[in-house]
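In: This is a predicted model, with the sequence first.
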Amino acid sequence: MSSSPIYLLPFSKKHLYDKCYLSWFQDASTVRYLGIPSYLKGVSIENLESYYNNLHKDDYFFAVHCSQTDKFIGTVKLNHADHHSKNIEIGMLLGDTSYRGKRLGTEIIRLGTEYAFEILGMHRIYASALTGNIASHKCFLFNGYKKEGVCRDYYWLEDHYESYIQYGLLEDEWKEIIKKRK
C-alpha cells in the first residue's frame, strides 16, 4: 500500500478537532450530496462531536491522508456491519476541495474496499450515491461495484428530487479485479 497517493488512519479526536474538518461541512459543495438534510443548513462542531460520539462499535471510520504531505484530506467509513451475513456499507468524503479531480476518491474507495474484504472478511460491500454525485458513481464503478438498483426520487435537494443509485460488490468479484490489476 505504500505506493498509494493516500493512506488511512483510524479517525480520532485529533481529526475531529482539526480545523479543516469543520470547514468541509460548512462548504455547500461538500455537504450537498451527503444526503443529510440538516447539514444543508450548517454544521457546528457540536454536530460533529455528536456524530463522532455516536459511532457504533461496528463502524470503521478512517481519516484519509495525502501520502506526500500527510495532510488530512477526507474520510472513509465502513458501517452497518452485518457479521453474520458479512455485509457492510461504504461511504467516503473527499473534503479538501484542492484534492478533488485527481482520482483520489477512486483510491479512497479502493482502500476502504480492500480493508472490508481483506481485514474484516466481508462477503459483500454496498454503497449508494445520489444521481447528481457523478464523481462518486465513477469511484464505485472503477472499483468494480455493480449497479444494483435505484431508489427513485428518494431525496429532496434544494429544488428537485434526486434518486439514490445502489451499488454492490462481492468478494469474488473483487478478487477478479485484483488479479486483472496485477
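Out: Arrived safely, thanks for sending.
In: Now for the most centrally placed residue in the chain: which residues touch it?
Out: Residue closest to the average C-alpha location in the chain (CA atoms, centre = their mean): residue 92, at 1.4 Å. By CB atoms under 8 Å, 6 or more residues apart in numbering, the contact set of residue 92 is 64, 74, 75, 76, 77, 105, 108, 109, 112, 136, 139. (Each C-beta comes from the backbone N, C-alpha and C, glycine too.)
In: ok, the fifth one - how many residues close by?
Out: So the one you mean is residue 77. 18 (other CB atoms under 10 Å).
In: that's a helix at it, yeah?
Out: No: using DSSP: H, G, I helix; E, B strand; the rest coil, the secondary structure at residue 77 is strand, not a helix.
In: circling back: pull up the pairing partners for the strand or helix carrying the residue nearest to the centre of the chain, direction included.
Out: Assessed by DSSP states H and E, residue 92 sits inside strand 87-94. Using DSSP bridges, strand 87-94 pairs in its sheet with strand 72-82 (antiparallel), strand 124-130 (parallel).
In: Using CSV, list the CA coordinates for that strand.
Out: The C-alpha coordinates for strand 87-94 follow below in CSV (Å, rounded to 0.1, in the frame of the first residue of the first chain):
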residue,chain,number,x,y,z
ASN,A,87,-22.2,-7.3,4.5
ILE,A,88,-21.0,-3.8,5.2
GLU,A,89,-21.7,-0.3,3.7
ILE,A,90,-19.0,2.0,2.5
GLY,A,91,-19.1,5.8,2.1
MET,A,92,-16.4,8.5,1.7
LEU,A,93,-15.9,12.2,1.8
LEU,A,94,-13.1,13.9,0.0
